[in-house]
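Peer 1: Take this sequence and fold it.
(2 chains)
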Amino acid sequence: MTMTRRNLLEAVGMAAGSAAMYHAMATLGHAQDSTYTGRVVLEGEPNGRRVLILGAGLAGLTAALELRSAGYEVQVLEYREKAGGRCWTLRGGDTYTDLAGVSQKVAFEEGGYLNPGPWRIPYNHHAVLDYCKRLGVKLEPFIQKNHNAYLHRSEAFDGKPQRFRHIATDYRGHIAELLAKATDQGKLDAEVTESDRVKLLESLRSYGILNDQNAYVSSDATSEYRGYEREAGGGRDGAPTPSSPLDMTELLQSDLWTWLSDPESVHHQSAIFQPVGGMDMIAQAFAREVGDVITYNAKVISMLQDDSGVTVRYEDAQQGGDPIEVTADWCVCTIPFSILGQIEHNLSSDKTYAIDTMYYEGSVKFGLEFNRRFWEEDEHIFGGISYTDLPIALISYPSYDYLSAGKGVLLGGYVWGADAYQFNAMQPDEAVKWAVEYGSRLHPQYADEFAGGVCVSWHKVPWVLGCYGIWQDKDRDYTAAVTMEEGDRIVLAGEQLSYLPAWQEGAILSALDAIQQLHEHATNR
Amino acid sequence: MTTIAKTLVASAAAICLGLSAQAQSSAADPDETQTSDFRTFEPTGAEWERFRSSGEITQEGGEAVYNAVCAGCHMPMGQGAVGAGAYPALADNALLADPSYPIYLILNGQKAMPPFGGLLDDQQIADVVNYIRSSFGNDFIAEYGEATAEDIEESRP
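Peer 2: As a prediction, this is how the structure comes out:
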């Protein structure tokens, strides 16, 4: 029997375990696009088994799960009343109280939800996907790129939203035509060889749907991509009518092309997923595993290390009262730097500097519920994202429960920068009012169908005071922050200590590296 | 959209949103051309200043800038807020006596607080610095002087 590559991999896998199989796969050219190399292995007897984990977000939950399974005795302190941190979902019946003390009672119908934080899991975030698999979290496709959603700018096309497929197809067609003309006229002869020139022209006709004269024109061929003016049907009146491409100058001047590459980045391209029922299904799954070791409503007020271990003091997050002191041999601190910078600690000056110079970006999301799914019923938009230059930035339609009767919840805005500051400074009901107004300029149905909404501004989220951490000088300060030095009893983790900031993958990869460092220290003593 | 139709839509939205009648009262429109854009409510005078240019803070004057940006975290009366961490109160805050301290913080950020030097211009920062130094129980202008746009320009990193 000939040894195929698959046979070889199976043989390696059986003989040496999955880690060896992974490395063999990497050598053979598979599985090479992530630093996640499969389940962490912590072997050897640690000197001192008790570990305190501060924070029950995905970093802390990962640390708790893996350290306990390696034989450590773990305790997690969490400020909130539940696990997940920024891995969070708001559903009907939930109440969210922000830092200003303003409570919003979410009144969504059963099934509708808002993920105020992370909402997507790209195919290449292998660690998140692996934990979903191990913990039984069901995933479904998240529609990132929807050709029938809109691109919209107030000053373009008289403020009328344009279908993504029109802008994408026409932009591609027009630039292909320009390039084909230039090629045909010999203007690129200095750049391409004669044989490449032939292939380039051929490819441009294919890429841009150009005709035999290298022109991008109204035709059945181009309408197969941008859509027909009158759609194809059946029976006596079924013949379609081709549509006409947008004028090139108007298209270029519209700036609507600025969003065309959005769905193409590695963190947004297909396939991309979401947990069925809301992002916090991941948090709930972790909590089923390690919920018994989490102390909730625990507000950490100090974290001190010495030669023999770590002493942490916390108080009841709601009631205050006398601090409770706990000690451990080791500590994994996943508290966001926005909070950690305000907590008494004796970390090294390098780490303290990194903590104290990191600011937290603001971001705002809206969950808006409507009496019916007009975007599906009237506009045939099933999931996906419409982009706009209005302060709401985008509208994302639910990638679940398509065609269902009853109400529907969409993401009515996902805002950064100056506009996020302005929304942050409003009361939630006022911010929702603006989100409804701006959304109505893409979908006039908003005015009649709006049922209720919720606004989460991350600068006002009490347990993180921001969306994610921004380094002042990452190249300079990163190594000191992520490294557990000789004599350290505390190791830091979280999305901010990764090169995938604001992504759950970054939080988990950071935690896995942190516990491996901790374990090395614990077993070297 | 006709005025009548807009009023109807605005009323419907007010019911949907549970807005108070006060929030719906329409002040004079400073810019008539914007009127046609609004579909679901009639902006009040202060609301006209919101989002006049998406991606920018266009408000002018210390109070307007404070309410558009700073009030989100430091709260409308400068009282600050406390969660797992805290936003410091600006009310009755002696650290604001000398303008150089708030100027430095606003330009460069401080711990979790983002820098605003790229978002606000010199005059906006000078105005908001003077506003917080003369509001919320603070009264530091007479003794320590006003911050000027030139001060901000010189302090930029």
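Peer 1: What is the least confident helix or strand in chain B?
Peer 2: helix B:21-24 (a mean of 35; mean pLDDT, DSSP states H and E).
Peer 1: For the nearest residue to A:Trp416 once chain neighbours are set aside, give me its contacts.
Peer 2: Sequence neighbours aside, A:Ser363 is the residue nearest to A:Trp416 in space, at 5.5 Å (criterion: C-beta to C-beta, 6 or more residues apart in numbering or on different chains). For the C-beta atoms, the positions are set from N, CA and C on the backbone; glycine is no exception. Contact analysis of A:Ser363 by C-beta atoms under 8 Å, 6 or more residues apart in numbering or on different chains lists A:414-416, A:420, A:457-458, A:467.
Peer 1: For burial, what's the neighbour tally of B:Ser134?
Peer 2: If you count neighbours by other C-beta atoms under 10 Å in any protein chain shown, B:Ser134 ends up with 15.
Peer 1: Please name the nearest non-neighbouring residue to it.
Peer 2: Nearest residue to B:Ser134 in three dimensions, chain neighbours excluded: B:Ile141, at 5.0 Å (C-beta to C-beta, 6+ apart).
Peer 1: was I right about the one you found contacting B:Ser135?
Peer 2: No: applying C-beta atoms under 8 Å as the test, B:Ile141 and B:Ser135 come out as separate, 10.4 Å apart.
Peer 1: who's more crowded, the two?
Peer 2: B:Ser135 (17 against 14).
Peer 1: so what's that one up against?
Peer 2: Here B:Ser135 is in contact with B:63, B:66, B:78 (C-beta under 8 Å, 6+ apart).
Peer 1: Which single residue in chain A comes nearest to chain B?
Peer 2: Distances between chain A and chain B by C-beta to the nearest C-beta are smallest at A:Pro462, namely 2.8 Å.
Peer 1: Next one: that residue from B:Cys73, what distance?
Peer 2: Distance, A:Pro462 to B:Cys73, using C-beta to C-beta, to the nearest Å: 12 Å.
Peer 1: Pop the domain breakdown of chain A in here.
Peer 2: Here the domain assignment for chain A is A:1-32, A:50-84+A:299-358+A:472-523, A:90-148+A:270-278+A:363-460, A:161-254, based on automatic domain parsing.
Peer 1: Say whether chain B is contacted by stretch A:312-320.
Peer 2: Yes: using C-beta under 8 Å from any C-beta of the partner chain, stretch A:312-320 reaches chain B at A:Ala317.
Peer 1: Show the end-to-end separation of that stretch, please.
Peer 2: 16 Å (C-alpha to C-alpha, to the nearest Å).
Peer 1: Figure out how far that stretch is from the centre of its chain.
Peer 2: Chain-centre distance of stretch A:312-320: 31 Å, with C-alpha atoms, centre = their mean, to the nearest Å.
Peer 1: which parts of that stretch are buried?
Peer 2: Residues of stretch A:312-320 classed as buried by neighbour count (16 or more other C-beta atoms under 10 Å in any protein chain shown): A:312-315, A:317.
Peer 1: Next: stretch A:392-399.
Peer 2: A:392-399.
Peer 1: And the average pLDDT for stretch A:202-221 is what?
Peer 2: Taken as a whole, stretch A:202-221 has a mean pLDDT of 98.
Peer 1: what distance separates the start and the end of it?
Peer 2: 16 Å.
Peer 1: would you list every one of the strands in chain B?
Peer 2: B:81-82, B:86-87 (DSSP state E).
Peer 1: Where do the domain boundaries of chain B fall?
Peer 2: Domains of chain B are assigned by automatic domain parsing as B:3-49, B:62-155.
Peer 1: for A:Ser440, what are its contacts?
Peer 2: Neighbours of A:Ser440 in contact, by C-beta under 8 Å, 6+ apart: A:446-447, B:39-40.
Peer 1: do the same with A:Arg86
Peer 2: A:Arg86 touches A:57-58, A:117-118, A:464, A:495, counting by C-beta under 8 Å, 6+ apart.
Peer 1: now swap in A:Ile515 and tell me
Peer 2: A:40, A:42, A:62-63, A:66-67, A:332, A:491.
Peer 1: Under the pLDDT cut-off, which ranges of the stretch 401-525 of chain A? List them.
Peer 2: For the stretch 401-525 of chain A, applying pLDDT under 70 flags the ranges A:525.
Peer 1: Point out the residues in it that sit beside chain B.
Peer 2: By the rule C-beta under 8 Å from any C-beta, the part of the stretch 401-525 of chain A lying against chain B is A:417-419, A:421-422, A:424-426, A:429-430, A:432-434, A:436-437, A:440-441, A:444, A:446-448, A:450-452, A:457, A:459-466, A:470.
Peer 1: Is there a quick ChimeraX command that grabs whichever of those are buried?
Peer 2: Selection command for ChimeraX covering only the buried members of those, criterion 16+ other C-beta under 10 Å:
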select /A:417,418,419,421,422,424,425,426,429,430,432,433,434,436,437,440,441,446,447,448,450,451,452,457,459,460,461,462,463,464,465,466,470
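Peer 1: Could you tell me which of the residues of the stretch 401-525 of chain A next to chain B are located in helices?
Peer 2: Per DSSP state H, helices hold the following members of those: A:417-419, A:421-422, A:424, A:429-430, A:432-434, A:436-437, A:440, A:446-448.
Peer 1: in the stretch 251-400 of chain A, which spans are helices?
Peer 2: Remark: helices assigned in the stretch 251-400 of chain A by DSSP state H, counting those that start in this stretch are A:280-290, A:337-340, A:349-356, A:374-377.
Peer 1: Does the last one reach chain B?
Peer 2: No: using C-beta under 8 Å from any C-beta, no contact is recorded between helix A:374-377 and chain B, whose separation bottoms out at 14.6 Å.
Peer 1: Mind giving me the packing neighbours of that helix?
Peer 2: Contacts defined by 3 or more C-beta pairs under 8 Å, 6 or more residues apart in numbering or on different chains; DSSP states H and E place helix A:374-377 against strand A:408-415.
Peer 1: helices or strands up against the strand it packs on?
Peer 2: Here strand A:408-415 touches strand A:113-114, strand A:364-370, helix A:374-377, strand A:394-396, helix A:428-440, going by 3+ C-beta pairs under 8 Å, 6+ apart.
Peer 1: so where's chain A uncertain?
Peer 2: In chain A (pLDDT under 70), the answer is A:1-34, A:525.
Peer 1: Let me know the outermost residue of it.
Peer 2: Using C-alpha atoms, centre = their mean, the residue of chain A lying farthest from its centre is A:Arg236. It sits 48.2 Å away.
Peer 1: May I have the secondary structure class of that residue?
Peer 2: Secondary structure state of A:Arg236, per DSSP: H, G, I helix; E, B strand; the rest coil, is helix.
Peer 1: Quick check: it vs A:His147, distance?
Peer 2: With C-beta to C-beta as the criterion, A:Arg236 and A:His147 are 29 Å apart.
Peer 1: Over to A:Asn371?
Peer 2: Counting by C-beta to C-beta, the gap from A:Asn371 to A:His147 is 27 Å.
Peer 1: for A:Pro263, same thing?
Peer 2: 10 Å.
Peer 1: Check A:Ile121 too.
Peer 2: For A:Ile121, the distance to A:His147 - C-beta to C-beta - is 22 Å.
Peer 1: which of these two has more neighbours?
Peer 2: Between A:Ile121 and A:His147, counted using other C-beta under 10 Å, A:Ile121 has the larger neighbour count: 24 against 16.
Peer 1: what sits against A:Ile53?
Peer 2: A:60, A:63-64, A:67, A:74-77, A:331-332, A:334.
Peer 1: Assumed it was part of a strand.
Peer 2: Yes: secondary structure of A:Ile53 (three-state DSSP): part of a strand.
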